[in-house]
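>>> what's the 3D shape of this:
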Amino acid sequence: MRSAVAAFLAMMSLVFAEHRPDAETKTVLVFGDSLSDGFMLKRSEAYPALLAKKLSAAGLNFLVSNASASGGTTGGGLERLPPHLKHRIDILILELGINDAFLGLPIEQIQNNLQQIIDKVKTRNPNARVVVAGMQLPGYAADDYVSAFGQMFADLAAKNRAALVPYLLEGVAGNPSLNLSDGIHPNAAGQRILAENVWRVLEPVAREVAKL
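Numbering: from 1, shown residues only. As a prediction, the model looks like this:
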């Protein structure tokens, strides 16, 4: 009887081992707004899901979590960040700020909020790598605010030794065929280009992290 029980327990331990999360799996947290959330699209069509496929195809064992929210601001990001800090974060892709700019919030406030998000992630995950997704305001009002907003992302990346996507919407903004009817949010084809824009920066970072 004991031998039968022992055999059963041994078998069950093998079953649980097969379903136990892989200790080598790394994690990517995408923390953004509607651009990352895939506004009006299926989540599978948004660039974070496409990045997950690229990582897998490259033989990189990463779990991508899309914690983006349409309409999200940097202040709102700070409020909804805590639950995500309960889980390990190996790479943070931070894509927030454009909605703050549309509201006319001071650049210093936007940058401070983004810095706090990075600091909180790094406090819980000291070895986490950060990818900053840069944004730009339309050039129709090329004043100091517009220039400062665009420069803010580069400054943030430099301060935190983070990787920088110079302009997330590069090749997409202003192209009707790559955006929804609102002219602001990328359609599925546009999201594929966003994925390429981020992948060029993410891939070398992911390869480094995979070796740790």
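
>>> And the helices in the protein?
In the chain, the helices defined using DSSP state H lie at 2-19, 34-37, 47-57, 74-80, 98-102, 107-124, 144-159, 188-210.

>>> okay, these, which one's buried deepest?
helix 34-37 (a mean of 24; mean count of other Cβ atoms under 10 Å). To be clear about C-beta, it is placed using only N, CA and C from the backbone, and glycine gets the same treatment.

>>> what packs against that helix?
Judged by 3 or more Cβ pairs under 8 Å, 6 or more residues apart in numbering; DSSP states H and E, helix 34-37 is in contact with strand 91-95.

>>> Could you check how far residue 121 is from residue 96?
Distance of residue 121 to residue 96, given as Cβ to Cβ, to the nearest Å: 13 Å.

>>> Give me the most central residue, this protein.
residue 30 (2.2 Å; Cα atoms, centre = their mean).

>>> Quick check: neighbours of the longest strand seen in the chain in the sheet, parallel or antiparallel?
In the chain, assigned by DSSP state E, the strand with the most residues is strand 26-32. Applying DSSP bridges, strand 26-32 is found paired with strand 62-66 (parallel), strand 91-95 (parallel).

>>> Could you dump those strands into CSV with distance to residue 25, mean pLDDT and mean neighbour count added?
Formatted as CSV, the strands paired with strand 26-32 follow (distance: least, Cβ to Cβ, whole Å; pLDDT from 0 to 100; neighbours: other Cβ atoms under 10 Å):
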stretch, distance to residue 25, mean pLDDT, mean neighbour count
strand 62-66, 6, 98, 19
strand 91-95, 12, 98, 26
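
>>> Can I get the ones you listed in a markdown table including distance to residue 46?
Putting the strands paired with strand 26-32 into a markdown table (distance: least, Cβ to Cβ, whole Å) gives the following:
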| stretch | distance to residue 46 |
| --- | --- |
| strand 62-66 | 7 |
| strand 91-95 | 11 |
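
>>> and the nearest residue to residue 107 once chain neighbours are set aside, how far is that from residue 44?
Closest residue to residue 107 apart from its sequence neighbours, by Cβ to Cβ, 6 or more residues apart in numbering: residue 148 at 4.7 Å. Applying Cβ to Cβ, the value for residue 148 to residue 44 is 36 Å.

>>> do the same with residue 128
For residue 128, the distance to residue 44 - Cβ to Cβ - is 26 Å.

>>> The two: which has the busier surroundings?
residue 128 (19 against 12; other Cβ atoms under 10 Å).

>>> For the longest strand of the chain, output the C-alpha coordinates as PDB.
Provided in PDB are the C-alpha atoms of strand 26-32 (Å, rounded to 0.1, in the frame of the first residue of the first chain):
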ATOM      1  CA  LYS A  26      11.800  36.700 -17.900                       C
ATOM      2  CA  THR A  27       9.100  39.300 -17.800                       C
ATOM      3  CA  VAL A  28       8.300  42.400 -19.800                       C
ATOM      4  CA  LEU A  29       5.800  44.900 -18.400                       C
ATOM      5  CA  VAL A  30       4.300  47.300 -21.000                       C
ATOM      6  CA  PHE A  31       2.900  50.300 -19.100                       C
ATOM      7  CA  GLY A  32       1.200  52.800 -21.400                       C
END
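
>>> Having no further points to raise, I will conclude here.
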